[in-house]
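J.: Structure of the sequence below:
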Amino acid sequence: QVQLAESGGGLVQPGGSLRLSCAASGFTFSSGNYIMSWYRQAPGKERELVASISTIVGSTNYADSVKGRFTISRDNAKNTVYLQMNSLKPEDTAMYYCKRSNGPSRYWGQGTQVTVSS
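T.: Below is the predicted model of the structure:
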């Protein structure tokens, strides 16, 4: 059974940093070229893609709003995806979700809350 567990969220001041983790179980990154993504959803807004990475090739993609500030990475040995978030802004406040995509299949984690406020 595929499970994704996010962690690392919290309250941080503007300009600060956080690192989110998504620990995956029920499959291994090396067993296929999965797309692991971070999405976020703020209250009253639609869920949006933040960043994605492929588990085998390692190619990455970022939303324009986070380019240069966020970095997505993966550790195939730990079956974990990370999102390093620097220079955080109040508009980055949202629930952050991890997703696995492979063809038509989709799996989501439960999310971790990030709040950027002074």
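J.: Could you give the number of residues near the nearest residue to residue 7 once chain neighbours are set aside?
T.: Nearest residue to residue 7 in three dimensions, chain neighbours excluded: residue 21, at 5.1 Å (CB to CB, 6 or more residues apart in numbering). From N, CA and C alone the C-beta is placed, and that goes for glycine too. Neighbourhood size, residue 21 [other CB atoms under 10 Å]: 17.
J.: What of residue 53?
T.: Around residue 53 there are 23 residues (other CB under 10 Å).
J.: now it, which residues is it bridged with?
T.: Beta-bridge pairing of residue 53 under DSSP bridges involves residue 36, residue 60.
J.: Any figure for the gap between it and residue 8?
T.: Per CB to CB, to the nearest Å, residue 53 is found 16 Å from residue 8.
J.: again, but for residue 40
T.: Distance of residue 40 to residue 8, given as CB to CB: 13 Å.
J.: Could you tell me which residues touch both of these two?
T.: Here residue 40 and residue 8 share no contacting residue, scored by CB atoms under 8 Å, 6 or more residues apart in numbering.
J.: Those two - which one has more neighbours?
T.: Neighbours per residue (other CB under 10 Å) separate residue 40 from residue 8, with residue 40 holding more: 23 against 16.
J.: is it true that the more buried one touches residue 97?
T.: Yes. Residue 40 is within contact range of residue 97, at 7.1 Å (criterion: CB atoms under 8 Å).
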